[in-house]
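J.: Pasting the sequence and the predicted model now:
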2 protein chains.
Amino acid sequence: EHPLWEQIGRSFVHHYYQQFDLDRNQLGTLYSDTSCLTWEGQPFQGKAAIMEKIASLPFQKIQHSITAEDHQPAPDTCVLSMVVGQLKVDDDPVMGFHQLFLLKNDNDKWICTNDMFRLALHNFC
Amino acid sequence: EHPLWEQIGRSFVHHYYQQFDLDRNQLGTLYSDTSCLTWEGQPFQGKAAIMEKIASLPFQKIQHSITAEDHQPAPDTCVLSMVVGQLKVDDDPVMGFHQLFLLKNDNDKWICTNDMFRLALHNFC
């Protein structure tokens, strides 16, 4: 059996990418008005700004796959998750990415307070 | 001027890699007895277990360089940092890595409560 925080983290990240690939405009329920997103170094704060950024991403189709995921219990009963994965956008070649999520319980729902995303363009072979 | 949390995050990660490359056995002051490390998917909890893992890494010389770093304010007045970088171990070829740190203030000192490290072996060219 996985510890509870690992179940929470796994469940969140799998739901996140499934929803992202199906209809990313529905991701807003996972953020709050104080959530932070840093997307390729660009900062966004609050659900509205985050959803505007996500909606504006210039592709039609996207498919994420998770290569590795790590989860830890964090202070203030948060759960911290780091994902390494690959994504395919429209007809472009597959790219690597990494993303982290800090999750906090809010009224029995897990909200993403912190989200950081980077494409793995900086790495070597 | 960078926001305070960004100054804290930057200062911590630069100090961390400088100390890691100089003498990684001195990193213990940056962790507490409840800190978590996940190293390439392997979990370690508490300063002693973390330092034993770090000391046991099978190389003599290591040199980290930071390619990109992102920082955010996190719940419970923590600071969250994600680093993408490259490292060179002994005479091996350069490898990519990514690492995250969650930092919490404890008696006017910033302690790493959560640390996750992955080599970028899973990525594409």
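T.: Structure's in. What do you need?

J.: Up against chain B, what does chain A have?
T.: Residues of chain A lying close to chain B (CB under 8 Å from any CB of the partner chain) are A:36, A:38, A:41, A:43, A:67-68, A:70, A:72-76, A:78, A:80, A:82, A:84, A:86, A:93-96, A:98, A:100, A:102, A:104, A:113-114, A:116, A:118, A:120, A:122-125. In this view, the C-beta of every residue, glycine as well, is placed from N, C-alpha and C.

J.: 6 Å - rerun?
T.: Counting by CB under 6 Å from any CB of the partner chain, chain A comes close to chain B at A:36, A:38, A:67, A:70, A:72, A:74-76, A:80, A:82, A:84, A:94, A:96, A:98, A:100, A:102, A:104, A:113-114, A:116, A:118, A:120, A:122-125.

J.: Please tell me how far A:Leu87 sits from chain B.
T.: 10 Å (CB to the nearest CB, to the nearest Å).

J.: Now that residue: closest residue in space that isn't a chain neighbour?
T.: Setting aside the residues directly before and after it, A:Leu87 is nearest to A:His64 in space (CB to CB, 6 or more residues apart in numbering or on different chains), at 4.9 Å.

J.: Given the one helix or strand that neighbour maps to, what are its sheet partners and their directions?
T.: Assigned by DSSP states H and E, A:His64 belongs to strand A:62-74. Taking DSSP bridges as the criterion, strand A:62-74 forms sheet pairs with strand A:78-89 (antiparallel).

J.: contacts for the partner strand?
T.: Residues outside strand A:78-89 that contact it (CB atoms under 6 Å, 6 or more residues apart in numbering or on different chains) are A:5, A:8-9, A:13, A:59, A:62-72, A:74, A:94-104, B:100, B:114, B:116, B:118, B:122.

J.: Give me the buried entries from the residues you listed.
T.: A:5, A:8-9, A:13, A:62, A:64, A:69-72, A:74, A:96-104, B:100, B:114, B:116, B:118, B:122 (16 or more other CB atoms under 10 Å in any protein chain shown).

J.: Quick check: which helices or strands does the longest helix seen in chain A pack against?
T.: As assigned by DSSP state H, the longest helix anywhere in chain A is helix A:4-23. Other helices and strands packing on helix A:4-23, by 3 or more CB pairs under 6 Å, 6 or more residues apart in numbering or on different chains; DSSP states H and E, are strand A:62-74, strand A:78-89.

J.: would TSV of those strands with mean pLDDT be doable?
T.: Listed next are the helices and strands packed on helix A:4-23 as TSV, based on pLDDT from 0 to 100:
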stretch	mean pLDDT
strand A:62-74	97
strand A:78-89	96
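
J.: nearest to A:Tyr17, of the ones you listed?
T.: strand A:62-74 (4.1 Å; CB to CB).

J.: follow-up on the earlier one: closest one to A:Tyr31 among the helices and strands packed on helix A:4-23?
T.: strand A:78-89 (14.6 Å).

J.: C-terminal to the closest one, which secondary structure element comes first?
T.: strand A:95-106.

J.: Check which strands are paired with that next one and give the direction for each one.
T.: strand A:78-89 (antiparallel), strand A:109-119 (antiparallel).

J.: tell me the angle the longest one makes with helix A:4-23.
T.: Computed by axes from the mean of the first three to the mean of the last three CA atoms, to 10 degrees, the angle separating strand A:78-89 from helix A:4-23 equals 30 degrees.

J.: could I get strand A:78-89 in PDB with only the CA atoms?
T.: Coordinates of each C-alpha in strand A:78-89 appear next as PDB, following Å, rounded to 0.1, in the frame of the first residue of the first chain:
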ATOM      1  CA  CYS A  78       0.600  19.700   1.900                       C
ATOM      2  CA  VAL A  79       1.700  17.100  -0.700                       C
ATOM      3  CA  LEU A  80       4.600  17.900  -3.000                       C
ATOM      4  CA  SER A  81       4.800  16.100  -6.400                       C
ATOM      5  CA  MET A  82       7.500  16.200  -9.100                       C
ATOM      6  CA  VAL A  83       6.800  14.700 -12.600                       C
ATOM      7  CA  VAL A  84       9.200  13.900 -15.400                       C
ATOM      8  CA  GLY A  85       7.500  13.200 -18.600                       C
ATOM      9  CA  GLN A  86       7.100  13.500 -22.300                       C
ATOM     10  CA  LEU A  87       4.600  15.400 -24.300                       C
ATOM     11  CA  LYS A  88       3.500  15.500 -27.900                       C
ATOM     12  CA  VAL A  89       2.000  18.700 -29.300                       C
END
